[in-house]
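Asks: The amino acid sequence is not available; the structure is as follows:
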């Protein structure tokens, strides 16, 4: 995950760590696409969240809890 940097293209991120396990998407003003994507990288205590704005990494976070808990909501 340390290879992922703010400003990277989503395709590059997927080449580095794979496709996300879960994604939510919103469109604002018809031109801004905001995506929150969760990646299960094998840590049973946490998953990684990457926030994309128009296909570019905008934020990176480690979230406490398993991706399975999030999928059950």
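Replies: Great, that's in hand. If you're wondering where the values come from, they're calculated on a predicted model, not measured in any experiment. Numbering: from 1, shown residues only.

Asks: what ranges do the strands span in this protein?
Replies: 22-28, 32-39, 46-53, 56-64 (DSSP state E).

Asks: quick one, which of those strands is nearest to residue 12?
Replies: Nearest to residue 12 among those is strand 56-64 (8.8 Å), distances taken as CB to CB. In this view, the C-beta of every residue, glycine as well, is placed from N, C-alpha and C.

Asks: Packing partners of that closest one?
Replies: helix 10-17, strand 46-53 (3 or more CB pairs under 8 Å, 6 or more residues apart in numbering; DSSP states H and E).

Asks: Looking at the ones you listed, spot the one closest to residue 64.
Replies: With CB to CB as the measure, strand 46-53 is the member of the helices and strands packed on strand 56-64 nearest residue 64 (5.3 Å).

Asks: What angle do helix 10-17 and the closest one make with each other?
Replies: Strand 46-53 runs at 160 degrees relative to helix 10-17, counting by axes from the mean of the first three to the mean of the last three CA atoms, to 10 degrees.

Asks: wait, what's in contact with the closest residue to residue 34 other than its chain neighbours?
Replies: Once flanking residues are discounted, residue 34 sits nearest to residue 26: 5.0 Å by CB to CB, 6 or more residues apart in numbering. By CB atoms under 8 Å, 6 or more residues apart in numbering, residue 26 lies in contact with 33, 34, 35.

Asks: repeat that with 10 Å
Replies: When contacts are counted by CB atoms under 10 Å, 6 or more residues apart in numbering, residue 26 touches 32, 33, 34, 35, 36.

Asks: same check, this time on residue 39
Replies: Per CB under 10 Å, 6+ apart, neighbours of residue 39: 1, 4, 13-14, 17-23, 47-50, 67.

Asks: Closest one of those to residue 56?
Replies: Checking those against residue 56 by CB to CB gives residue 13 as the nearest, at 9.6 Å.
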